[in-house]
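my questions concern the predicted model and sequence given below.
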2 protein chains.
Amino acid sequence: MSERKKTTITDIARELDVTPSTVSRALNNHPRISDSTKKAVWNLVKKLNYQPNNIATALRNGKSNFIGVIVPTSDRYFFASVIRGIEEVVREEGYNLIICQSDEQTNKEQKNIDALLQIQVDGIIASVAKATTEFSYFEKIINQNVPLVLYDRAGENLNVNSVVCDDYRGAYNAVSHLIEQGCTNIAHFAGQQHIKIYKDRLNGYLDALKDHGLEINERFIIESDLINDTDIILGAGAKMTNNLFSLSETPDGIFSASDFAALGAIKALKSNGISIPDEVALIGFSNDFSSSVIEPGLTSLDQHTKKMGMNAGKLFLEQIKDPKKINHPKSIVLEPKLVIRESSSIKKNTTSEVFSS
Amino acid sequence: MSERKKTTITDIARELDVTPSTVSRALNNHPRISDSTKKAVWNLVKKLNYQPNNIATALRNGKSNFIGVIVPTSDRYFFASVIRGIEEVVREEGYNLIICQSDEQTNKEQKNIDALLQIQVDGIIASVAKATTEFSYFEKIINQNVPLVLYDRAGENLNVNSVVCDDYRGAYNAVSHLIEQGCTNIAHFAGQQHIKIYKDRLNGYLDALKDHGLEINERFIIESDLINDTDIILGAGAKMTNNLFSLSETPDGIFSASDFAALGAIKALKSNGISIPDEVALIGFSNDFSSSVIEPGLTSLDQHTKKMGMNAGKLFLEQIKDPKKINHPKSIVLEPKLVIRESSSIKKNTTSEVFSS
DNA sequence: CTGAAAGCGCTTACAG
DNA sequence: CTGAAAGCGCTTACAG
């Protein structure tokens, strides 16, 4: 078996009796290279199946054309969709993505950041791991003047470009919708409160209750880590639901900060013969594909994940093109869209949405 | 704003009054460097926050430590899980993954391959796009002596390492299970027959019928592209089901080569008041998360996706370590596991699996 | 229109 | 134990 033999610019130059400089320029379509040499070079390139060595170019140019993307976990539809959005935008400008998973753990997140910096990425697009409470590692990126864009979960005090959801508004609208449907005792499955998105969702919930003159019942607010493991969170959602319904006073609505916990709740309610949405209406968050699969369909908040990715990509490109702008970082805020399904359509059970999410 | 200033080995050398050679050796823990210099180097590395430049190392060593991974689409749980498996195995050996999506299209697949080769990946792990019928581009990888490992969808005549499912056996077992449950008229939602996995699934279906003395009804075999877009395939599954049930003779079982088509079928059957599994039993393929969400739960075939990824990673590492072995490529075949849920439990409706997939 | 030369940051065979 | 030198494959300012 022959060695991995790769044709180089030098090989082409030798064959054509010119210098590597000329070949390089021909390949880059430099204006002051004659058409005849360009043609000769191109022909030979085809014939020898020459592949430029990006690594060498990267070293020479100080630009790798890599963007590091950190996702807390790629097992979820949410993040896969964000990646698609990023890719669509940056691929056109010749960037390749290096995707890393932090698994929601701070130490993995830090390892990812170090690895990406060593690879000399031109920028990092990240969503902060749930466990992370302190952002010095992200400051490390900034200090090395590597463009950083955060999406969905942004560090509150980091002065960087970001694209996030208006979680407060989403929660507020969801709970208001439940109230409009006639719910008066609405429970909330909350996430860990050191994470901004979950704090915002809780606040949206609280303010919607207040603004509608409803009382807040502390026992109806259940905080948990809303872990991403689908098997576990389904069971956890069911357990929280069963706990809720062992109270003397029970809710007639649940707003869950996670779709999966809400799915577990639906399963638990059904197996206890509690009718949805008539006795209890539910709303989840994220509009995962499975919320259109379950019956009754789960009302949820679509976070425009692909759009989120595309915006993150755009912010990155802007920052690359005009590095000074970073002194005035932008935060793009997307308003989540309430996708209403059967789980919250108490009165007007008109068209049940079956085949689209 | 200061330039992106990166400390280099040369900087450290100058500061310590030694040569870059020494610093490089110290960093690589070379045995013939004194402990004192090593210590001095390490201290300065910490202090200056030195990050080795992997790009330079890659160029010098002719080894990038990148592995290119091509997935037909990362929107699906299936592939996300494979990636996890690969990553877990190869990360330990210092490899980073570059993930590309072909979106099931041959031209994107080819672009991905070219991009990966230019980036000088040390190997490529890929699953062939559905549209691809001819494998010259994969031969290009092989001709450049870049290790290639295929997973799930392998080119039939490509002589490379691969890890695949025993789709024939999985289908055979699924259909046999339906027959054991009492089904005698079993329909099949088939995929495109130029793709080996779908051909194998069809053959497993056919042979199971034959071996159990059941007749084959051509009108019960419906071929389609089983497109990955969840919204579309749900509707398509429903439509195929409605067509089936407009025939004079209707099936009492459906074996679908795709989970999503089966989900669509369940929705259609339910809205037509046809009871599952009593009147029609169903089995899907892939054991997507959503098959445990729908009610009744969809029986499906688990493909051990993470294990598939881990095996692909291992095959790659083996090949890197002993390049000669590739003359005798290995094919690891995983047996899919039938995960039985309510959709196929006609008689023995014992324990309904609710919170685990 | 093309060439000669230097350099991106690292590593390693050769020498001492 | 350490240094001087060459080179990985490319690009580009300088020169002609």
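Arrived safely.

C-alpha only now, for contacts and for neighbours.
Fine.

around DNA strand C, which positions in the stretch 51-200 of chain A sit nearby?
Contact residues, the stretch 51-200 of chain A versus DNA strand C (CA under 7 Å from any atom of the strand): A:A56, A:T57, A:L59, A:R60, A:N61, A:G62.

in a helix, that's where the fourth one is, yeah?
Yes - secondary structure of A:R60 (DSSP: H, G, I helix; E, B strand; the rest coil): part of a helix.

tally up the residues packed near it, please.
Burial measure for A:R60: 12 neighbouring residues, criterion other CA atoms under 10 Å in any protein chain shown.

any idea how far B:E295 is from it?
In this view, A:R60 and B:E295 are 58 Å apart by CA to CA, to the nearest Å.

wait, A:N96 sits on A:K63?
No - taking contacts as CA atoms under 8 Å, A:N96 lies outside contact range of A:K63: 11.9 Å.

show me which of these two is the more surrounded one.
Taking other CA under 10 Å, A:N96 and A:K63 do not tie; A:N96 has more neighbours (23 against 15).

from A:I55, how far out is the nearest residue to that one once chain neighbours are set aside?
For A:N96, ignoring the flanking residues on the chain, the nearest one in space by CA to CA, 6 or more residues apart in numbering or on different chains is A:F66 at 4.9 Å. From A:F66 across to A:I55, the span is 11 Å (CA to CA).

those two: who's more crowded?
Legend: neighbour count by other CA under 10 Å for A:F66 and A:I55, higher for A:I55 (26 against 22).

and the residue of the stretch 151-300 of chain A found nearest chain B, how many neighbours?
Residue nearest to chain B within the stretch 151-300 of chain A (CA to the nearest CA): A:I294, separated by 5.0 Å. Look at A:I294: counted by other CA under 10 Å, it has 21 neighbours.

can you tell me how far it is from DNA strand C?
53 Å (CA to the nearest atom of the strand, to the nearest Å).

tell me who's in contact with A:I142.
Going by CA atoms under 8 Å, 6 or more residues apart in numbering or on different chains, A:I142 touches A:L148.

that one: which element?
helix A:136-143 (DSSP states H and E).

find the nearest non-adjacent residue to A:P329, please.
Closest to A:P329 by CA to CA, 6+ apart is A:N161, at 4.8 Å.

give me the pLDDT for the one you found.
Per-residue confidence (pLDDT) for A:N161: 94.

so A:F66 touches A:V121, yeah?
Yes - counting by CA under 8 Å, A:V121 is a contact partner of A:F66 at 4.9 Å.

contacts for the helix or strand hosting A:F260 next, please.
Assigned by DSSP H and E, A:F260 belongs to helix A:259-271. The contact list for helix A:259-271 (CA under 8 Å, 6+ apart) reads A:189, A:226, A:230, A:233-242, A:256, A:275-276, A:282-288, A:291, A:294, A:298, A:300, B:293, B:354-355.

pull out the buried residues from that helix.
With burial defined by 16 or more other CA atoms under 10 Å in any protein chain shown, the residues of helix A:259-271 counted as buried are A:D259, A:F260, A:A261, A:A262, A:L263, A:G264, A:A265, A:I266, A:K267, A:A268, A:L269.

helix or strand next in line after the helix holding A:I142, which one?
Assignment by DSSP H and E places the next element after helix A:136-143 at strand A:148-151.

what's the distance between the one residue in chain A that gets nearest to DNA strand C and B:L59?
Per CA to the nearest atom of the strand, A:R60 is where chain A lies closest to DNA strand C, at 3.1 Å. Using CA to CA, A:R60 is found at 11 Å from B:L59.

got it, and A:I320?
Plainly put, A:I320 is 25 Å away from B:L59 if you go by CA to CA.
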